[in-house]
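Participant: Turn this into a structure:
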Amino acid sequence: QVQLVESGGALVQAGDSLRLSCAASGRSLSLYVMGWFRQAPGKERDFVAAIDRTGKSTIYADAVKGRFTISRDNAKNMVYLQMNELEPEDTAVYYCAAEFAASILHSSDSEYEYWGQGTQVTVSS
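Facilitator: Numbers count the residues shown, from 1 in each chain. Next up is the predicted model:
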């Protein structure tokens, strides 16, 4: 199985940019579809973005499309989420997740077997 550790969360101002990182260990990241999810206080966990095993295909939630970019570096066992034009509504704990040997991209958190502990992103207005 794979272990995931997120980093890069911070307190920023609206309009700022931030890059989150997810470091994987235990197995090669190339075996997994990777996703980012977020959970705001008192709300359910929401899909943000996902990337296929090669990095060639991505999907995004409508709320972040055009502002966020998911990428991966399988050689470094890393996944990234570049977040631009941050808004207060982006405030949440951000989680990376892994789905083993998937052939399509999923936005449902129930499809992902492995999760990191999360990193807090706070956007002030």
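Participant: Might one say that W115 is in contact with V5?
Facilitator: No. Between W115 and V5 no contact is recorded; they are 10.7 Å apart, counting by C-beta atoms under 8 Å. To be clear about C-beta, it is placed using only N, CA and C from the backbone, and glycine gets the same treatment.
Participant: Look at those two and report which has more neighbours.
Facilitator: Using other C-beta atoms under 10 Å, the more surrounded residue of W115 and V5 is W115, with 17 against 14.
Participant: Can you name the residues that contact the more buried one?
Facilitator: Residues counted as contacts of W115 (C-beta atoms under 8 Å, 6 or more residues apart in numbering) are L4, Y95, C96, A97, A98.
Participant: If we use 10 Å, what do you get?
Facilitator: When contacts are counted by C-beta atoms under 10 Å, 6 or more residues apart in numbering, W115 touches Q3, L4, E6, G35, F37, R45, Y95, C96, A97, A98, D109.
Participant: just R38 next, same as before
Facilitator: R38 makes contacts with 20, 45-49, 61, 63-64, 81, 90-95, 118-119, 121, as judged by C-beta under 10 Å, 6+ apart.
Participant: Same question for L105.
Facilitator: L105 sits next to 33-35, 49-53, 57-59, 99, 111 when contact means C-beta under 10 Å, 6+ apart.
Participant: Ok, Q3 next?
Facilitator: Each residue near Q3 by C-beta under 10 Å, 6+ apart is listed here: A23, A24, S25, G26, R27, A98, Y114, W115, G116, Q117.
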